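[1] Dropping the sequence and predicted coords here.
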Amino acid sequence: MGPLRADGYHEVTTILQAVSLYDEITATSIPPESLAGPDGSGPVFTDEDPIIVTVGVAGEGARPSSPAGADGDDTPAESSISVVPTGRDNLAVRAAYLVAEAAGIHGEAAHLTLSKGIPVAAGMAGGSADAAAALVAFDALWGAGLDRATLVELASRLGSDVPFPLAGGTALGTGRGEQLTDVLGRGEYHWVFALADGGLSTPAVYAEFDRLAEGRLQTGPTPADAVLSALRSGSPEELGAALVNDLQPAALRLRPSLRRVLESGLELGAIGAIVSGSGPTCAFLARDAAASVSLAASLAGMGVARAVRRAQGPVAGAQVLPPSSAS
Ligand code: C5P
């Protein structure tokens with residue numbers, strides 16, 4: 001991590017890996033006449049609001065149950081979906097407006113359903129994943145035909161973490177995290193995530209990082225050479241030993257209880273333990289799939305986490321599913 005830039009962001013060098021926890025978003029056109037008021041007046045499309053997007057949120061319970069042994073079903077769904085915003089402050093809704101603006105679309109009404117499988121308010125980029133998915137979904141729904149470069153540009157306007165879920169896989173992020181280069185790695189990695197009660201504000205964690213770094217010379221982001229070489233080798237042990245997060249001390253300062261969570265995972269056999277992003281989720285790397293199952297069960301049994309999830313990576317980024325396979 002580098003020092004604070006004049007634009008309020010930090011220069012980062014970060015390795016991102018997409019894992020098999022998914023949100024499903026459904027974008028449906030609404031006939032504008034069905035939005036007519038009781039007096040027969042139609043919806044008002046103004047220059048400021050040339051389209052109308054409504055949003056609904058559903059939890060994991062609304063999704064078809066996963067096949068036995070599939071990922072992400074170690075503990076019951078949490079009930080935190082109520083914190084997902086349903087207005088313009090939802091990143092996925094903003095994504096729809098950006099697609100409309102870029103493609104010159106007016107007079108369209110649509111409904112967006114977010115089926116949450118990614119833990120909410122956990123620092124696992126669920127909102128960013130929804131925004132990336134909304135970009136491709138509305139591009140398809142409205143036949144906008146935006147090219148990849150435009151979608152990536154819209155994603156980076158929505159947030160530093162939005163271009164990555166558009167791409168998926170494993171990537172090196174630079175700049176404020178939005179400039180991506182594919183990482184050619186090998187191997188499949190089995191992760192266990194321990195979720196914590198309550199969120200941690202990303203700006204607050206970065207501010208704490210600045211406070212902790214005060215007075216120390218910061219030249220630029222730490223290179224991620226050890227992680228890149230581990231990914232090339234495909235060795236989970238090597239990757240586990242190389243994991244480091246410069247934001248972790250700041251997250252631990254703001255949430256000291258996470259230290260116990262990290263220690264518990266290591267005591268239970270994790271080969272790597274790290275705060276995920278700006279927290280409060282802790283990520284553990286397991287040696288293989290079987291080890292991830294027993295680590296998840298033991299962590300859940302210890303009661304140090306609100307919930308525990310398993311996932312493997314890398315997986316693909318946002319994809320449009322054929323209507324028949326959408327739930
Ligand atoms: O880009 P995004 O809006 O997701 O960033 C949220 C906040 O996280 C920023 O306002 C900033 O405080 C912090 N941030 C940062 N450096 C980055 C990315 C995010 O300081 N590289």
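    Okay, I see it. Numbering: from 1, shown residues only.

[2] Just to be sure, L184 is in a helix?
    No: read with DSSP: H, G, I helix; E, B strand; the rest coil, L184 is coil and lies in no helix.

[3] all strands for this structure, in order.
    All strands of the chain, identified by DSSP state E, fall at 14-17, 24-30, 51-58, 108-115, 170-174, 179-182, 189-195, 272-275, 282-286, 307-313.

[4] and the first one, what does it pack onto?
    In this structure, strand 14-17 makes packing contacts with strand 170-174, helix 225-233, judged by 3 or more CB pairs under 8 Å, 6 or more residues apart in numbering; DSSP states H and E. Yep, even glycine has a C-beta here, placed from its N, CA and C like the rest.

[5] Kindly report the same for the third one.
    Using 3+ CB pairs under 8 Å, 6+ apart as the contact criterion, the secondary-structure elements in contact with strand 51-58 are helix 91-103, strand 108-115.

[6] near the ligand, which residues of the stretch 1-150 of the chain?
    For the stretch 1-150 of the chain, the residues in contact with the ligand (CB under 6 Å from any ligand atom) are G8, Y9, H10, V12.

[7] Confirm for me that the third one is in contact with M1.
    It stands for H10. Yes: with contacts defined as CB atoms under 8 Å, H10 counts as touching M1 at a distance of 5.6 Å.

[8] among the helices and strands packed on strand 14-17, which is nearest the ligand?
    strand 170-174 (8.6 Å; CB to the nearest ligand atom).

[9] how about that closest one as CSV, C-alpha atoms only?
    What follows is strand 170-174, C-alpha atoms only, in CSV (Å, rounded to 0.1, in the frame of the first residue of the first chain):
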residue,chain,number,x,y,z
THR,A,170,-7.0,-14.0,-10.6
ALA,A,171,-5.7,-10.5,-11.3
LEU,A,172,-3.1,-8.0,-10.2
GLY,A,173,-4.7,-4.7,-9.3
THR,A,174,-2.8,-1.5,-9.4
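
[10] What's the local residue count around the nearest residue to H106 once chain neighbours are set aside?
    Computed as CB to CB, 6 or more residues apart in numbering, the closest residue to H106 that is not its neighbour in sequence is P50, at 4.1 Å. Neighbourhood size, P50 [other CB atoms under 10 Å]: 15.

[11] tell me the most buried of the helices and strands packed on strand 14-17?
    Burial of the helices and strands packed on strand 14-17 is given as mean neighbour count (mean count of other CB atoms under 10 Å); strand 170-174 ranks first at a mean of 20.
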